[in-house]
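Asker: how does the following fold in three dimensions:
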Amino acid sequence: MPSIGIIMPAYNAGPHIESVIERIPADVWPHVKGLWILNDGSRDDALAKAEALAKRHAAIRVVHFETNRGYGGTVREGLIAARNAGVDFAVDLHSDGQYPPEYILPMVERAQTCGLDILQGSRHAGHGALQGGMPLYKYAAGKVLTALENRAFGLSLTDYHSGFICFSRRALHTVKFEQLSTSFDFDLEFIACARTAGLSIGELAIPTRYAGEVSYLNPVTYGLRVLRTVARYVTGHYRACIVPAEPKC
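Answerer: Next comes the predicted model:
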């Protein structure tokens with residue numbers, strides 16, 4: 001079984017972070033090389049709860065940012081930590097409970113078996129997004145944006161906007177993700193870079209769960225950022241974000 005790094009961006013996640021950690025299956029922990037809780041300037045008790053969790057789990061490291069760095073800026077620091085630790089796969093697991101920790105091993109196993117560099121958890125692949133409580137406006141907007149993204153990227157994914165993503169070691173060393181957005185479009189930019197580099201991308205159906213979590217994403221601003229990312233991909237912008245391959249002898 002490959003080694004796993006789990007990164008958890010946390011912003012005002014006090015009500016949920018403990019239950020998310022508790023839901024990580026016991027058979028995952030022996031393979032976890034590090035679980036980084038990245039407290040992004042939370043104003044609630046998320047930091048205190050993260051530090052208490054670190055005392056109970058040797059694999060947990062708490063990284064605290066005094067000022068808010070934004071979603072992308074926080075995930076970026078987590079991926080740097082996972083890359084430096086030499087993990088085989090890094091999984092981005094949000095701390096608000098929207099994504100299922102129970103799927104960490106299935107994602108890593110699928111990525112390894114299928115040779116995937118990016119594996120995204122899809123809330124739409126199982127056709128359960130609306131039943132899981134996804135707001136209708138998010139469902140409809142996601143469908144429109146996904147059709148555009150598939151056309152631009154030449155893929156056939158069903159959900160580019162899930163934050164539950166598994167990254168391979170090769171992806172972490174190929175994409176210069178330190179140069180990407182500090183906002184919520186970070187994930188899509190990473191996918192655009194991976195596609196530019198010819199890395200393999202796939203998805204795995206996951207259950208959808210909306211249970212009153214507070215969203216800090218502005219849908220209008222995010223939609224515009226998605227369109228900008230697509231335009232940048234089409235015009236070759238992300239070639240500058242790829243580590244050049246070493247010449248063959």
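Asker: only C-alpha atoms for contact and neighbour calcs from this point on.
Answerer: Noted.
Asker: so what's the predicted local confidence for Glu246?
Answerer: If you check Glu246, the pLDDT there is 71.
Asker: which of the three states applies to it?
Answerer: Put simply, Glu246 is coil when judged by DSSP: H, G, I helix; E, B strand; the rest coil.
Asker: ok, how many other residues are close to it?
Answerer: Using other CA atoms under 10 Å, Glu246 is surrounded by 6 other residues.
Asker: measure it to Asp88 for me?
Answerer: 21 Å (CA to CA, to the nearest Å).
Asker: tell me the contacts of Arg69?
Answerer: 40-41, 182 (CA atoms under 8 Å, 6 or more residues apart in numbering).
Asker: what's the answer for Tyr222, then?
Answerer: 184-185.
Asker: and it, what's its pLDDT?
Answerer: For Tyr222, the predicted pLDDT is 90.
Asker: now the helix ranked longest in the chain: buried residues?
Answerer: Across the chain, the longest stretch assigned as helix under DSSP state H is helix 136-153. Neighbour-count burial for helix 136-153 flags 142-143, 145-147, 149-150, 153 (criterion: 16 or more other CA atoms under 10 Å).
Asker: same deal with stretch 199-211?
Answerer: Neighbour counts over stretch 199-211 (16+ other CA under 10 Å) mark 199-210 as buried.
Asker: packing partners for the worst-scoring helix or strand of the chain on mean pLDDT?
Answerer: One helix or strand of the chain scores below all others by mean pLDDT, DSSP states H and E: helix 136-153, with a mean of 86. Here helix 136-153 touches helix 219-234, going by 3 or more CA pairs under 8 Å, 6 or more residues apart in numbering; DSSP states H and E.
Asker: show me what counts as buried in the helix it packs on.
Answerer: Quick answer for helix 219-234 (16+ other CA under 10 Å): 225-226, 229-230, 233.
Asker: with just CA atoms, put stretch 50-58 into CSV.
Answerer: Provided in CSV are the C-alpha atoms of stretch 50-58 (Å, rounded to 0.1, in the frame of the first residue of the first chain):
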residue,chain,number,x,y,z
ALA,A,50,-6.8,20.7,16.0
GLU,A,51,-4.1,20.9,18.7
ALA,A,52,-6.1,18.5,20.9
LEU,A,53,-6.4,16.1,18.0
ALA,A,54,-2.7,16.2,17.4
LYS,A,55,-2.1,15.0,20.9
ARG,A,56,-4.2,11.9,20.2
HIS,A,57,-2.8,11.1,16.8
ALA,A,58,0.9,11.0,16.2
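Asker: residues in contact with it?
Answerer: Contacts of stretch 50-58 (CA under 8 Å, 6+ apart): 17-18, 37, 60-62.
Asker: now stretch 142-152
Answerer: Residues contacting stretch 142-152 (CA under 8 Å, 6+ apart): 156-161, 223, 226, 230, 233-234.
Asker: repeat that for stretch 185-202.
Answerer: Here stretch 185-202 makes contact (CA under 8 Å, 6+ apart) with 71-72, 115-120, 153, 157, 160-161, 163, 171, 174-175, 177, 180-181, 222, 225-226, 229-230, 233, 238-239, 241-242.
Asker: what about the protein, any weak spots by pLDDT?
Answerer: In the predicted model of the chain, residues 128-133, 135, 210-215, 247-249 satisfy pLDDT under 70.
Asker: who are the packing partners of the longest strand belonging to it?
Answerer: Longest strand in the chain, counting residues (DSSP state E): strand 32-40. On a contact count with 3+ CA pairs under 8 Å, 6+ apart, strand 32-40 meets strand 4-10, helix 46-56, strand 60-65, helix 71-85.
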